[in-house]
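S.K.: just to be clear, the model below is a prediction. Sequence and coordinates:
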Amino acid sequence: MKLIFEYDEQNSGHLSDEDISITLPKDLTRTNLPLPNVSEIDVIRHYTNLSKKNFGVDVGFYPLGSCTMKYNPKINEDVARLEGFRDLHPFSPMDCIQGSLQLMWELEQQLKEITGMDVFSLQPAAGAQGELLGIMISKAYFKERNEKRTKAIIPDSAHGTNPATAAMCKHDTIVIPSDSRGNMDLQKFKQSLSSDVAVVMLTNPNTLGLFEENILDICDLAHKNGTLTYCDGANMNALFGITRPGDQGFDMIHLNLHKSFSTPHGGGGPGAGVLGVKSFLSDYLPTPRVVKQESKYILNNTKGKSVGRIRSFYGNFGMLVRAYSYILAWGTNIRKVSEYAVLNANYLLTLLKDVYELPYDRTCAHEFVISSKKFGEKSALNIAKRLMDYGFHPPTVYFPLIVNEALMIEPTETESKETLDKFALTLRVISDEIKENPELVRGAPYTTPIGRLDEVTAARKPNLKWIHPQKNHDNENLQI
Ligand SMILES: *Cc1c(COP(=O)(O)O)cnc(C)c1O
């Protein structure tokens, strides 16, 4: 059988009806096509009603810690929809796509300036993929130097993707506990620095929302041991224009453009986990690389020591356009993003810390972690569910794992004082409700399209059928 989608040079890909009947096996062809018979208004209502069952940052406050669900300015969308970007084909000849190559080149320069790194690859499609690339580069670097290093040091406050990445690259992970101030325990770190440690992976500010106070010492000690330093910069939005991981001593960093740089995020959509490195690691970056030669931009495919391609083409180009637009919109004022993010988080923290427990009582960065431990087991979950009744998306709960009944809150820079006040008041009201009427909070939410789910069953055996209103659906786990 001939594959009909195969590119045929003579026929330039065009197939006649005859070709199709010859090439398609009978059991794969249709004899009839039963399309639903619905009017335009029925379709409109169906999709409009579906959209109203969803919650997004355009609908209400979305204080999801670590994941930075920040507002995506609409200017980014306007720019990404310009024909020259939108209709671009990845195989276009270089002469026809000079503007797009220039955009990628300039974005790289901006990211270098913001982070203090020397070179960036825009290819990785997610934060986790940026990490994977970083550790692949670290492996290639040590292989070339004939050094056998097989361990990664990671603090216990790290995002789960860090140890997962280390494991994928066949590294053993050494977990370092956090000290009483929420930093990586420096003594334990020193003791773990043996000659077979390839890399230390740190998030700064860490997932407790705290700036790592010993960062200079950590990088210094690692380098003296011949160990590379990797910064998980998914949440770089606390540091813009204030301090640069490159200056702190990091050799590599990934950024999540779909968090810090306001490109869409969620629903498993396309992301961009760009990776920046210091110049001594630049030869290992994936190809192709956008290079400027006099006034022209070209794609350099020279393999050399490159670890190879990590994703098709140049990464998620549409995300690069949006991040570029975001950076240009702020210009040299980009420091304001971080100043407002940090101010908002500290303001909210101040409004809540007398009611909830604050395990690490320090000025926070762009996010903070409080505990609802004193309200009992499962209280963080119940509070999260009850918040939905008041029109808020719940924050991240039970992460990081080192805080019991953790609520991890990140307001981001765009929220107004009114929204923050309303959110804080709601969390205070819920804390009273738990004391006065615990059953009420345990049964929440009541106002959402679906109520409390058996979450394990809902995830493993989702029931997506429409439920007849007269049918008793007590046992159904998901009704839409
Ligand atoms: C989100 C996040 C990641 C993972 O990024 P993905 O794009 O989801 O793969 C890694 N580290 C930190 C600190 C994060 O917040």
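M.R.: Received, thanks.
S.K.: can you give me the helices in the stretch 201-350 of the chain?
M.R.: Secondary structure of the stretch 201-350 of the chain by DSSP state H, counting those that start in this stretch: the helices cover 215-224, 245-248, 317-330, 335-352.
S.K.: give me the nearest residue to G304, chain neighbours excluded.
M.R.: Leaving aside its chain neighbours, G304 sits nearest to D283 (5.7 Å; criterion: Cβ to Cβ, 6 or more residues apart in numbering). For the C-beta atoms, the positions are set from N, CA and C on the backbone; glycine is no exception.
S.K.: dump the residue contacts of that neighbour.
M.R.: Neighbour list for D283: 304-306 [criterion: Cβ atoms under 8 Å, 6 or more residues apart in numbering].
S.K.: out of those residues, who's nearest N162?
M.R.: S306 (23.7 Å; Cβ to Cβ).
S.K.: quick one: closest of the helices of the stretch 201-350 of the chain to G60.
M.R.: Among the helices of the stretch 201-350 of the chain, helix 335-352 sits nearest to G60 (Cβ to Cβ), with 15.6 Å.
S.K.: all helices for the stretch 351-480 of the chain, in order.
M.R.: 379-389, 417-436, 438-443, 455-460.
S.K.: out of these, which comes closest to V291?
M.R.: Closest among these, using Cβ to Cβ: helix 417-436, at 44.7 Å.
S.K.: count the neighbours of the spatially closest residue to E410 that is not a sequence neighbour for me.
M.R.: Excluding the flanking residues, the one nearest E410 by Cβ to Cβ, 6+ apart is E367, at 3.7 Å. E367 sits with 33 neighbouring residues when counted by other Cβ atoms under 10 Å.
S.K.: would you confirm that E367 contacts N235?
M.R.: Yes. Assessed by Cβ atoms under 8 Å, E367 is found in contact with N235 at 7.3 Å.
S.K.: where do the contact lists of these two overlap?
M.R.: The contact sets of E367 and N235 overlap at 66, 205 (Cβ under 8 Å, 6+ apart).
S.K.: on that earlier part again, mind listing what the residue nearest to E410 touches?
M.R.: E367 neighbours (Cβ under 8 Å, 6+ apart): 65-66, 205, 209, 235, 238, 345, 408-410.
S.K.: which of those sits closest to N225?
M.R.: For the contacts of E367, the nearest to N225 is P205 (24.1 Å; Cβ to Cβ).
S.K.: need the per-residue pLDDT for whatever residue of the stretch 1-150 of the chain ends up closest to the ligand.
M.R.: Per Cβ to the nearest ligand atom, G127 is where the stretch 1-150 of the chain lies closest to the ligand, at 2.4 Å. pLDDT recorded at G127 is 96.
S.K.: that one contacts H254, correct?
M.R.: Yes. G127 lies in contact with H254 (Cβ under 8 Å); the separation is 5.8 Å.
S.K.: what about the two, which has more around it?
M.R.: Using other Cβ under 10 Å, the more surrounded residue of G127 and H254 is H254, with 31 against 28.
S.K.: which residues does the more buried one form a beta bridge with?
M.R.: D232, L275 (DSSP bridges).
S.K.: adjust the sequence numbering to begin at 3 for everything that follows.
M.R.: Taking 3 as the first residue, the last one we looked at is H256.
S.K.: returning to that earlier point: and the contacts of E369, which is closest to the ligand?
M.R.: S68 (4.2 Å).
S.K.: of the helices of the stretch 353-482 of the chain, which is nearest G248?
M.R.: Minimum separation from G248 across the helices of the stretch 353-482 of the chain (Cβ to Cβ) falls at helix 419-438, 32.2 Å.
S.K.: okay, the angle between that closest one and helix 337-354?
M.R.: Using axes from the mean of the first three to the mean of the last three Cα atoms, to 10 degrees, one finds that helix 419-438 and helix 337-354 are set 30 degrees apart in direction.
S.K.: got the CA positions of helix 419-438 in CSV?
M.R.: Coordinates of each C-alpha in helix 419-438 appear next as CSV, following Å, rounded to 0.1, in the frame of the first residue of the first chain:
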residue,chain,number,x,y,z
LYS,A,419,-5.1,46.1,46.4
GLU,A,420,-8.9,45.6,46.4
THR,A,421,-8.5,42.1,45.1
LEU,A,422,-5.8,41.3,47.6
ASP,A,423,-7.9,42.7,50.5
LYS,A,424,-11.0,40.7,49.3
PHE,A,425,-9.0,37.5,49.1
ALA,A,426,-7.4,38.0,52.5
LEU,A,427,-10.8,38.8,54.1
THR,A,428,-12.2,35.6,52.5
LEU,A,429,-9.4,33.5,53.9
ARG,A,430,-10.1,35.0,57.3
VAL,A,431,-13.9,34.4,57.0
ILE,A,432,-13.2,30.7,56.0
SER,A,433,-11.0,30.3,59.1
ASP,A,434,-13.9,31.4,61.2
GLU,A,435,-16.3,29.1,59.3
ILE,A,436,-14.0,26.2,60.1
LYS,A,437,-14.2,26.9,63.8
GLU,A,438,-18.0,27.6,63.9
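S.K.: who are the packing partners of it?
M.R.: Contact partners of helix 419-438 among helices and strands, from 3 or more Cβ pairs under 8 Å, 6 or more residues apart in numbering; DSSP states H and E: helix 337-354, helix 381-391, helix 440-445.
S.K.: contacting residues around it?
M.R.: Outside of helix 419-438, the residues within contact range by Cβ under 8 Å, 6+ apart are 63, 65, 346, 349-350, 353-354, 357-358, 374, 377-378, 381, 384-385, 388-389, 392, 394, 413, 442-443.
S.K.: out of those, which are close to the ligand?
M.R.: Counting by Cβ under 6 Å from any ligand atom, nothing from these sits close to the ligand.
S.K.: chain center to stretch 55-68, what's the gap?
M.R.: Distance of stretch 55-68 from the chain centroid (Cα atoms, centre = their mean, to the nearest Å) equals 15 Å.
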